[in-house]
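Visitor: I'll drop the sequence and a predicted model, then ask my questions.
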Amino acid sequence: MYTQSALAADESRARRRRRVLGAGVAVAVVLACLGAGLFWYHSDGRNQGRTDAKAAGQAPDAVRETLEKPSVSPEGQVVVKHDEAKLTDKTRYAPGTWATGKIVARAVANRIDGYKIGSQWDSDNTAWTLPLDGHVCAVSRDVTADGRTAVVVQPARAQKSGKTGICNEVLMVDLDTGKKLWQKKMPSADFAYVTNTNIALTKGVVAIAWGLGAVAYDMDSGDRLWNNTLASSQCHDEGYAGGRALLGLVKCGEWDNATYRVEKIEPRTGKTLWRYSVSKGVQAVYLPSADPPVIAVSAGDVLVTDLITLDPKNGGRLATISMSKYKPDCDVGMYFGLLDKCYGIVVSRDRIFVKSKDETDIAKPENHITAFDPEKGTAVATFDGRPFQSVFPVRANGDDLIIYRSTLDDVQPAAVVDWNPRTDKETPYLLFHLPEDDEGALSDPEQSVVVYEQGHVFFAGRELSRDDAHPKDPVLSVIGVGTAGLKH
């Protein structure tokens, strides 16, 4: 179990609440929207089957960059749903969610479950369960092209040895089969905890850091490639961002005197290729993208104030983008490896997409997404939400962006769309409604993860909390939506 000191702050975090709307205003808007039309779809004859999604031209051990295409119909139906039963604790943590074309997997407490994705919902959909030695401590956002990922867990000996809370084991898992491919003990990791451990994947390499140490493993064999556990040093690796490259964050000193630098690292040797020194006075640094290198900084504030883009060749600063009007969501939660996870930011090869703050005027779109040029730092395109329908970026789709648009009423559907920022074209992928009782939490990036992969969208809460009024009732863990196809 996690220590109370590690988790107490999480229980008291304030949740962002959706705006409360008067019934008369909501009805008026719904009626107005009815006149404008709610559904749209166009087929040019090029996509006659289900979604054709693939990690084009990638090696099996490269971090996956699936290219999605529209399905034959955007009408959505539930293709997977799982309820967590027997919640003995008030809250059960579920930090990891990954998907392939066959399976959606969830890391919950001290296990990973895989659920079958079907053409229709099947209540008996558990494909496999992988028991873990202890609770999950850190998860990667990355999945390889052949469907593998890695997690850091507590060892089985933690309770018996009195070292409860230590996170010093890493394992690689095949998401399609649930097979544990290898498991290793991290060296000198007695100070690795759920609060400070970060894990990332890049081509052929798994890299982990915990503030007082770091280690990298070969993705296929599990052999150790390099490690850094210099206890006497004043500078330590805080964590990494993976993907097409490996970017590291180094912290020197403590508390108010801490300084940071960002380093591009040769993944197989640990050699520093270049470094960028962050200005003094910055309180926190996040790594939303390794290639192109983008860092998010909290300068004079606890929240992210700016994005800084760097030259991938030498680490020189290219541009600074103010976040005063935006909500990058880099500070969601405090645990399970958050250094590279900014839920309001998606970075493609040539664009940075950032979610705006919510609009207070209910007659205007609830929020928008802005696309920035990383070399110049200028805004080049905007995707607006709608009144009562907020939008947030899910992931890159080549040079496009996959967007989730939520809904607050029973008429306008929620939607997953593809946005081309160069032409401003919006292409619908899926239209659907989420369960009414869970829609608010599932659509809130502070409470849930949204994953889109191979024509399916998945919603999964980071915490599973039982209803005190009905403590024996199961709690929704994950729900997935796919195309209903063309049925006559």
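Guide: Sure, I can see it.
Visitor: give me the low-pLDDT residue ranges for the chain?
Guide: Screening the chain residue by residue with the criterion pLDDT under 70, one finds the ranges 1-56, 122-123, 158-163, 230-232, 333-334, 487-488.
Visitor: which residue ranges of it form helices?
Guide: When assigned using DSSP state H, the helices of the chain occupy the ranges 4-11, 23-36, 158-161, 439-442.
Visitor: which elements pack onto the last one?
Guide: If contacts are counted by 3 or more Cβ pairs under 8 Å, 6 or more residues apart in numbering; DSSP states H and E, helix 439-442 sits against strand 456-461. Every C-beta, even on glycine, is put in place using the N, C-alpha and C of the backbone.
Visitor: how far is the strand it packs on from where the chain is centred?
Guide: Here strand 456-461 shows a centroid-to-chain-centroid distance of 11 Å under the convention Cα atoms, centre = their mean, to the nearest Å.
Visitor: what does stretch 249-261 give?
Guide: From the chain centre to the centre of stretch 249-261 is a distance of 25 Å (Cα atoms, centre = their mean).
Visitor: quick one: contacts of that stretch?
Guide: If you take Cβ atoms under 8 Å, 6 or more residues apart in numbering as the criterion, stretch 249-261 is touched by 211, 234-240, 262-263, 275-278, 280, 282, 285, 287, 339.
Visitor: mind running it again at 7 Å?
Guide: Contacts made with stretch 249-261 from outside it, assessed by Cβ atoms under 7 Å, 6 or more residues apart in numbering, are listed as 234-239, 262-263, 275-278, 280, 282, 285, 287, 339.
Visitor: and stretch 350-369, by the same measure?
Guide: Contact partners of stretch 350-369, identified using Cβ under 7 Å, 6+ apart, comprise 21, 25, 294, 307, 325-328, 344-346, 370-372, 374, 382-393, 399, 401, 403, 421.
Visitor: just to revisit the earlier point, which of the contacts of stretch 249-261 count as buried?
Guide: Burial by neighbour count, 16 or more other Cβ atoms under 10 Å: within these this picks out 236-239, 262-263, 276, 278, 282, 285, 287, 339.
Visitor: can I get the residues you listed in a markdown table with distance to Glu366?
Guide: A markdown table is the format used below for the buried ones among the contacts of stretch 249-261 (distance: Cβ to Cβ, whole Å):
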| residue | distance to Glu366 |
| --- | --- |
| His236 | 41 |
| Asp237 | 39 |
| Glu238 | 34 |
| Gly239 | 32 |
| Val262 | 34 |
| Glu263 | 39 |
| Tyr276 | 36 |
| Val278 | 33 |
| Val282 | 31 |
| Val285 | 30 |
| Leu287 | 28 |
| Leu339 | 29 |
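Visitor: closest to Leu247 out of those residues?
Guide: Leu287 (5.3 Å; Cβ to Cβ).
Visitor: not counting its neighbours along the chain, what's nearest the closest one?
Guide: Ranked by Cβ to Cβ, 6 or more residues apart in numbering and with sequence neighbours excluded, the top spatial neighbour of Leu287 is Ala241, at 3.7 Å.
Visitor: go ahead and confirm that neighbour touches Asp340.
Guide: Yes. Between Ala241 and Asp340 a contact is recorded at 3.9 Å, counting by Cβ atoms under 7 Å.
Visitor: now list whatever residues contact both of those two.
Guide: In terms of Cβ under 7 Å, 6+ apart, Ala241 and Asp340 are both contacted by the residues 200, 287.
Visitor: please name the bridge partners of the residue nearest to Leu287.
Guide: Beta-bridge partners of Ala241, counted by DSSP bridges, are Leu247.
Visitor: and for Asp400?
Guide: Asp400 has these beta-bridge partners by DSSP bridges: Asn397.
Visitor: which residues sit in contact with it?
Guide: For Asp400, the residues meeting the contact criterion (Cβ under 7 Å, 6+ apart) are 418-420.
Visitor: cool, Leu339 as well?
Guide: Taking Cβ under 7 Å, 6+ apart as the test, what Leu339 contacts is 198, 238-239, 249, 286-287.
Visitor: inside strands: which ones of the residues you listed?
Guide: The subset of the contacts of Leu339 located in strands under the criterion DSSP state E comprises 198, 238-239, 249, 286-287.
Visitor: picking that back up, between Ala241 and Asp340, which one's more packed in?
Guide: With other Cβ atoms under 10 Å as the criterion, Ala241 and Asp340 differ in neighbour count, and Ala241 comes out ahead with 29 against 24.
Visitor: gap between that one and Val143?
Guide: Distance, Ala241 to Val143, using Cβ to Cβ, to the nearest Å: 15 Å.
Visitor: circling back to that earlier point, now a PyMOL select for only the buried ones of the contacts of stretch 350-369.
Guide: Provided next is the PyMOL selection string for whichever of those are buried by 16+ other Cβ under 10 Å:
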select buried, resi 294+307+326+327+328+344+345+346+370+371+372+374+383+385+386+387+388+389+390+391+392+393+401+403+421
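Visitor: ok, and for stretch 420-428, which residues are buried?
Guide: Neighbour counts using 16+ other Cβ under 10 Å place 421, 427-428 of stretch 420-428 among the buried residues.
Visitor: measure it end to end?
Guide: Counting by Cα to Cα, to the nearest Å, you get 12 Å between the two ends of stretch 420-428.
Visitor: what's near enough to touch Trp226?
Guide: 216, 269-270.
Visitor: quick one: which of the residues you listed is most hemmed in?
Guide: Among the contacts of Trp226, the one with the most neighbours (other Cβ under 10 Å) is Ala216, at 24 neighbours.
Visitor: ok, what's across the strand from it?
Guide: Applying DSSP bridges to Ala216 yields these beta-bridge partners: Ala207, Trp226.
Visitor: so who does it touch?
Guide: Taking Cβ under 7 Å, 6+ apart, we find Ala216 in contact with 205-207, 225-226, 267, 270.
Visitor: what of Pro435?
Guide: Contacts for Pro435 were tallied using Cβ under 7 Å, 6+ apart; they are Leu476.
Visitor: coming back round to it: among the contacts of Ala216, who's most crowded?
Guide: Of all those, the highest neighbour tally under other Cβ under 10 Å goes to Val206, namely 30 neighbours.
Visitor: buried residues in stretch 73-89?
Guide: By neighbour count on 16+ other Cβ under 10 Å, the buried set for stretch 73-89 is 73-82, 84, 87.
Visitor: circling back: make JSON lines out of the buried residues of stretch 420-428 and add distance to Cys167.
Guide: Conversion of the buried residues of stretch 420-428 to JSON lines gives the following (distance: Cβ to Cβ, whole Å):
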{"residue": "Pro421", "distance to Cys167": "39"}
{"residue": "Thr427", "distance to Cys167": "42"}
{"residue": "Pro428", "distance to Cys167": "42"}
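Visitor: which one of those is nearest Glu463?
Guide: Closest to Glu463 out of the buried residues of stretch 420-428 is Pro428 (31.0 Å), distances taken as Cβ to Cβ.
Visitor: can you tell me how far the closest one sits from Ile403?
Guide: Pro428 sits 11 Å away from Ile403 when distances are taken as Cβ to Cβ.
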